[in-house]
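**Q** Pasting the sequence and the predicted coordinates here, then a few questions.
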Amino acid sequence: MRYDFTTDLAAFNPPRLVDQHLLVSLHGRQAEIDRFLGVLAGVTPIKQYRSPRNALRLLGARGLAKIAAANRSSTSTVTPLRYPYRVRILPTSGASPTNLSIGSVGRVDDRTFAGLFERYRGELRVHCYRMLGAFDETEDLVQEVFLRAWRGRNGFQGRSSIRAWLYRIATNACLDVLDGRARRVLPHHVGPPSDQGQPQSAIADVRWLQPFPDHLREPVAPRSDEPEAAVVAKETLELAFLAAIQHLPPRQRAAVILHDVLGWPARQTAQVLDGSVASVNSALQRARATLREHLPPGRADWAPSAPPTADERRVLHRYMSAVEQGDLAVVAELLARDVRTTMPPYPVWFAGREAVLRALSTSWDASSPGYVGAFRMLPTGANGQLAAAAYVRGPAQHSYAPFAIGVLQVEHGRITEITAFHEPAFFPAFLLPPRLTDELSPREPSQQP
């Protein structure tokens, strides 16, 4: 039996795991839930997540809906799926999360509370990502925040907004995870630049900074009782900022994010961190001094960056075309003289246009032992910056496989930095196709930053 993936996905709300119960907000029987998860198990983009539950956990409802839209003509054979947890059908009755008063959080049923939490899931995901610097850990941590909030909902007294209460839980969960951990880094933090060719092996024991898909950065709609929401939609996720705050101890990092990035008053920041206003101000003073050492030149403080301009997007598309054509002359024209390129999880990096071009000349030369292959590129969005997904086809291959997601920094019409994340496992989270061919190589962006 076959089912249309789009139809089946639209019929259900993705489930959430709570205390080993799979919460499913729908009317239906066990067979219907098995059918839903079975359909997900057979869809190619979902297979890359190893299980439907993993896909639901990482992508959420919006991400899965976009995959469905990209696969409107696809069908999938339903296969039986076994999962080691129980399914619980939630009632459809109950208070509406939009009409819930602050003082009644502890009295709502499971489904209503889950609906309330969903209003904040997107921004909490961003907050946890900013604290951790790791996309692959963020959704697990947001789910932990949900569990902590759900278990502690009876203790919420309404002395702060629901958003502030959830941010406090999320911040403390992040601090627990970060306790004793090494910071996330990029290659230029761990060694000197290189002028050699393509690196041959990745380093797995280094905690690398990871990119964040723009489509998961959901806009925040401020409410009259939560004025701090107006600031959340403006905060930055730029890689340069993420790399800089990784140099801060976790509590200083939290203070900077809450106070300087989200714009929370020192008193409210102190409440979240269980400290005094004086301790928060002291932490901020020390953190700002550290950030000045690690932020890009000319950025003594931090402000949200503007969206990419039309001219900057033209630079991106010229760069993508040059890579596909293997045109080093055009690439040289687009690169700034002091450009820096990094390729985590590979430890080497290149400083300066000449070093970058020497490396590319080796990997793009079909007669060279270091030849990588032919490329196809797709624009995407990461960390609010210009980005391009690279697919490569080796000499004996007939299609293009995921290669890297490159995040670009463009200034004055030149590319000043490229951070190419050589991790194909990130491609599904960016809603990118699993492979490309010459016959079907889409030129429209999968999403815009």
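**A** Nice, thanks for sending it over. Numbering: from 1, shown residues only.

**Q** Every contact and neighbour count from this point should use C-alpha atoms.
**A** Noted.

**Q** ok, residue 366 - contacts?
**A** 372-373 (CA atoms under 8 Å, 6 or more residues apart in numbering).

**Q** any idea how far it is from residue 138?
**A** 40 Å (CA to CA, to the nearest Å).

**Q** quick one, domains of this protein?
**A** Here the domain parsing of the chain from automatic domain parsing is 2-89, 97-294, 310-430.

**Q** Name the next helix or strand downstream of whichever strand or helix holds residue 333, please.
**A** Element membership for residue 333, per DSSP states H and E: helix 328-334. Downstream of helix 328-334, the first helix or strand assigned by DSSP H and E is strand 335-343.

**Q** Spatially nearest residue to residue 321 (excluding sequence neighbours)?
**A** Spatial nearest neighbour of residue 321, chain neighbours left out: residue 377 (7.8 Å); criterion: CA to CA, 6 or more residues apart in numbering.

**Q** for this structure, longest helix please?
**A** helix 110-132 (DSSP state H).

**Q** just checking, what packs against it?
**A** Applying 3 or more CA pairs under 8 Å, 6 or more residues apart in numbering; DSSP states H and E, we find helix 110-132 packed against helix 135-151, helix 162-178, helix 250-255.

**Q** Give me the angle between the first one and helix 162-178.
**A** Put plainly, it is helix 135-151. For helix 135-151 against helix 162-178, the angle by axes from the mean of the first three to the mean of the last three CA atoms, to 10 degrees is 120 degrees.

**Q** Now helix 135-151: buried residues?
**A** Under the neighbour-count criterion of 16 or more other CA atoms under 10 Å, helix 135-151 has 135-136, 138-147, 149-150 buried.

**Q** can you tell me which of those residues lies nearest to residue 387?
**A** residue 135 (16.2 Å; CA to CA).

**Q** I'd guessed the closest one sits against residue 210; true?
**A** Yes - counting by CA atoms under 8 Å, residue 135 does reach residue 210; the two are 5.9 Å apart.

**Q** contacting residues around residue 294?
**A** Residue 294 sits next to 244, 247 when contact means CA under 8 Å, 6+ apart.

**Q** and with 6 Å instead?
**A** residue 244 (CA atoms under 6 Å, 6 or more residues apart in numbering).

**Q** ok, it to residue 131 distance?
**A** Applying CA to CA, the value for residue 294 to residue 131 is 17 Å.

**Q** Repeat that for residue 164.
**A** Applying CA to CA to residue 164 and residue 131 gives a distance of 16 Å.

**Q** next one: residue 258
**A** 10 Å.

**Q** Check residue 433 too.
**A** 29 Å.

**Q** More neighbours: which of the two?
**A** residue 131 (24 against 21; other CA atoms under 10 Å).

**Q** What's the separation between the more buried one and residue 171?
**A** Distance from residue 131 to residue 171, by CA to CA: 8 Å.

**Q** which residues in the stretch 151-300 of the chain form helices?
**A** 162-178, 229-232, 239-245, 250-255, 266-272, 277-294 (DSSP state H, counting those that start in this stretch).

**Q** lowest-confidence stretch among the ones you listed?
**A** If the helices of the stretch 151-300 of the chain are sorted by mean pLDDT, helix 229-232 sits at the bottom with a mean of 46.

**Q** wait, what's in contact with residue 429?
**A** By CA under 6 Å, 6+ apart, residue 429 has no neighbours at all.

**Q** roughly how far apart are it and residue 118?
**A** 19 Å.

**Q** and if you look at residue 141?
**A** In terms of CA to CA, residue 141 sits 14 Å off from residue 118.

**Q** that older thread, most tightly packed of the helices of the stretch 151-300 of the chain?
**A** helix 250-255 (a mean of 23; mean count of other CA atoms under 10 Å).

**Q** C-alpha coordinates for it, CSV please?
**A** Coordinates of each C-alpha in helix 250-255 appear next as CSV, following Å, rounded to 0.1, in the frame of the first residue of the first chain:
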residue,chain,number,x,y,z
PRO,A,250,29.2,29.9,30.6
ARG,A,251,27.7,32.3,33.2
GLN,A,252,29.3,35.3,31.5
ARG,A,253,28.1,34.0,28.2
ALA,A,254,24.5,33.8,29.6
ALA,A,255,24.7,37.3,31.0
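
**Q** Output the contacting helices and strands for that helix.
**A** Using 3 or more CA pairs under 6 Å, 6 or more residues apart in numbering; DSSP states H and E as the contact test, no helix or strand touches helix 250-255.

**Q** Fine by me, thanks again.
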